[in-house]
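> Provided below are the primary sequence and the corresponding predicted coordinates.
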Amino acid sequence: MKKLMAEFIGTMWLVLGGCGTAVLATNAELFPALNVGFVGVSLAFGLTVVTMAYAIGHISGCHLNPAVSFGLWAGGRFPAKDLVPYIVSQVLGAIVGAAIIYFIASGQAGFDLVGSGFAANGYGEHSPGGYNMVAALVAEVVMTFFFLIVILGATHSKAPAGFAGLAIGLALVLIHLISIPVTNTSVNPARSTSQAIFVGGWAIQQLWLFWVAPIVGAILAGVTYRFMSPEND
């Protein structure tokens, strides 16, 4: 239960920090002087992972992401029996984080939940750059693949101790810099689900891609890294 509580709290923080920045601090019309842009959003997501890695990494491993749990399982680092409890905790934490963002954002006159996009992930007309479904699918698979490669490498028993959280957080920043224009960057089914639930409609219809692609990419990375550098300790 302590591990599941840690995953719940950690994923809530990831959504609050990352999606909260996207929703509350990127409106150029309302906050021209405070608009952090997509670079700021990228940093926010990375910072949530860095901070939680050191806060709860020793408790639960700080997955904060169903794809990460699947990737670690495929890499031989995580037991299959814990997959469902971890994923449920992550999704619930993400939803609570999204709810907090909604209550804060709705305190502003004229806030339009659906019109704002609420940091939901999408493709086609709902892609920030108008990228189609195939481009979104490839981006999410590849970005999640490399995210898990970094995670598996940084947390390997032969990796330098104490730097895993920093490497993983910086990898997530880079991933967002690459793929925000394509899909608004998911690489995390829990984060995608939380925002889609509030937006509804198109976001729910396109949610399948942001479960399938990250999990496929993560499993491919787990199998690949396990072959390249098996963890024997």
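Alright, I've got the coordinates. As the structure is a computational prediction, the values presented were derived from the model and not from experiment. Numbering: from 1, shown residues only.

> in this protein, which spans are strands?
For the chain, applying DSSP state E gives no strands.

> quick one: low-confidence residue ranges for it.
Residue ranges of the chain with pLDDT under 70: 27-34, 232-233.

> give me the residue at the spatial middle of this structure.
residue 188 (3.7 Å; Cα atoms, centre = their mean).

> ok, and the closest non-adjacent residue to it?
Leaving out its chain neighbours, the residue that sits closest to residue 188 by Cβ to Cβ, 6 or more residues apart in numbering is residue 65, at 4.3 Å. (Glycine included, C-beta is placed from N, CA and C.)

> for residue 135, same thing?
Nearest residue to residue 135, sequence neighbours excluded (Cβ to Cβ, 6+ apart): residue 182, at 6.1 Å.

> doesn't residue 141 make contact with the one you found?
No: the criterion here is Cβ atoms under 8 Å, and residue 182 misses it with residue 141 at 11.8 Å.

> between the two, tell me which one has more neighbours.
Neighbours were counted for residue 182 and for residue 141 using other Cβ atoms under 10 Å; residue 182 has more, 23 against 20.

> how near is the more buried one to residue 136?
6 Å (Cβ to Cβ, to the nearest Å).

> which neighbours do those two have in common?
123, 127 (Cβ atoms under 8 Å, 6 or more residues apart in numbering).

> which ones are touching the closest residue to residue 54 other than its chain neighbours?
Computed as Cβ to Cβ, 6+ apart, the closest residue to residue 54 that is not its neighbour in sequence is residue 165, at 5.2 Å. The contact partners of residue 165, taken as Cβ under 8 Å, 6+ apart, are 49, 50, 53, 54, 57, 62.

> if we go to 6 Å?
50, 53, 54 (Cβ atoms under 6 Å, 6 or more residues apart in numbering).

> again with residue 7
60, 86, 89, 90.

> could you dump the residues you listed to CSV with neighbour count and distance to residue 39?
Putting these into CSV (neighbours: other Cβ atoms under 10 Å; distance: Cβ to Cβ, whole Å) gives the following:
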residue, neighbour count, distance to residue 39
60, 22, 30
86, 27, 31
89, 26, 31
90, 32, 26
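
> follow-up on the earlier one: report the buried members of the contacts of residue 165.
For these, a burial check counting by 16 or more other Cβ atoms under 10 Å picks out 50, 53.

> looking at the contacts of residue 165, which are in helices?
50, 53, 54 (DSSP state H).

> tell me where the protein has helices.
2-14, 20-24, 37-60, 66-74, 83-105, 113-116, 133-154, 164-183, 189-199, 202-205, 209-228.
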